[in-house]
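> Just need the structure, nothing else, for what follows:
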Amino acid sequence: MSTKRPASITVISSLMILLPGYNIGKMISFFMKLRSAGSNTSPLSDNVCAIFIVQTVFLVVLLTAGIFMLLRRNWSRYVIIFLIPVIITLRAYLTGIGPQIIISIFVYLVLLFYLKRPAAEEYFTASRKT
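This next block holds a predicted model:
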């Protein structure tokens with residue numbers, strides 16, 4: 001018995017696949033601006049490199065989760081549910097609480113609502129029953 005994928009899962013998966021590419025582009029742009037500005041600040045100083053590595057790991061995990069959500073893997077849904085608050089918390093710690101953090105929390109709550117709806121639960125648990 002095949003359960004059709006809910007549109008919300010398709011949209012969320014697509015966002016998790018597309019947004020990491022956008023964010024990696026932003027990070028590359030940031031490094032290019034640092035380099036072309038001719039400032040005394042090295043792109044590798046002030047933990048910029050560590051932040052870049054951590055953010056890249058998170059983006060790769062979100063990309064992977066988005067792909068596997070399309071393949072009906074329940075673990076990928078939980079990766080998204082648990083990883084996004086970690087990312088929001090780290091961003092709030094590094095930049096302070098501002099409008100971006102409030103918007104991120106709101107978007108996360110909307111994602112959580114759609115990922116925990118009965119249609120999504122049925123979609124991900126139907127693969128275990130067959």
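> list the buried ones in the helix or strand of the chain with the lowest mean pLDDT?
Using mean pLDDT, DSSP states H and E, helix 118-129 stands out as the lowest-scoring helix or strand of the chain, at a mean of 81. Neighbour counts using 16 or more other C-beta atoms under 10 Å place 120, 123-124 of helix 118-129 among the buried residues. (Glycine included, C-beta is placed from N, CA and C.)
> As TSV, these with distance to Ser8 would be great.
Output for the buried residues of helix 118-129, formatted as TSV (distance: C-beta to C-beta, whole Å):
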residue	distance to Ser8
Ala120	7
Tyr123	10
Phe124	12
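> quick one: the helix or strand that contains Ala65 to helix 118-129, angle?
Assigned by DSSP states H and E, Ala65 belongs to helix 48-70. Helix 48-70 and helix 118-129 are oriented at 80 degrees to each other (axes from the mean of the first three to the mean of the last three C-alpha atoms, to 10 degrees).
> downstream neighbour of helix 48-70 in the secondary structure list?
Scanning onward from helix 48-70 (DSSP H and E), the first element met is helix 74-95.
> I'd like to know the predicted local confidence at the closest residue to Val54 other than its chain neighbours, please.
Spatial nearest neighbour of Val54, chain neighbours left out: Leu90 (7.6 Å); criterion: C-beta to C-beta, 6 or more residues apart in numbering. As summarised for this prediction, Leu90 has a pLDDT of 84.
> count of neighbours near Leu90?
14 (other C-beta atoms under 10 Å).
> Can you check the pLDDT for the closest residue to Phe124 other than its chain neighbours?
Using C-beta to C-beta, 6+ apart and skipping the chain neighbours, the partner closest in space to Phe124 is Asn74 (4.2 Å). Listed pLDDT for Asn74 reads 91.
> okay, now Asn74: neighbour count?
Asn74 has 16 nearby residues by other C-beta under 10 Å.
> my guess is it contacts Ala126, does it?
No - using C-beta atoms under 8 Å, Asn74 is not in contact with Ala126, being 10.2 Å away.
> now the particular helix or strand that has Leu34 in it and helix 74-95, what's the angle there?
Leu34 is part of helix 7-37, with elements assigned from DSSP H and E. Computed by the same axes, to 10 degrees, the angle separating helix 7-37 from helix 74-95 equals 40 degrees.
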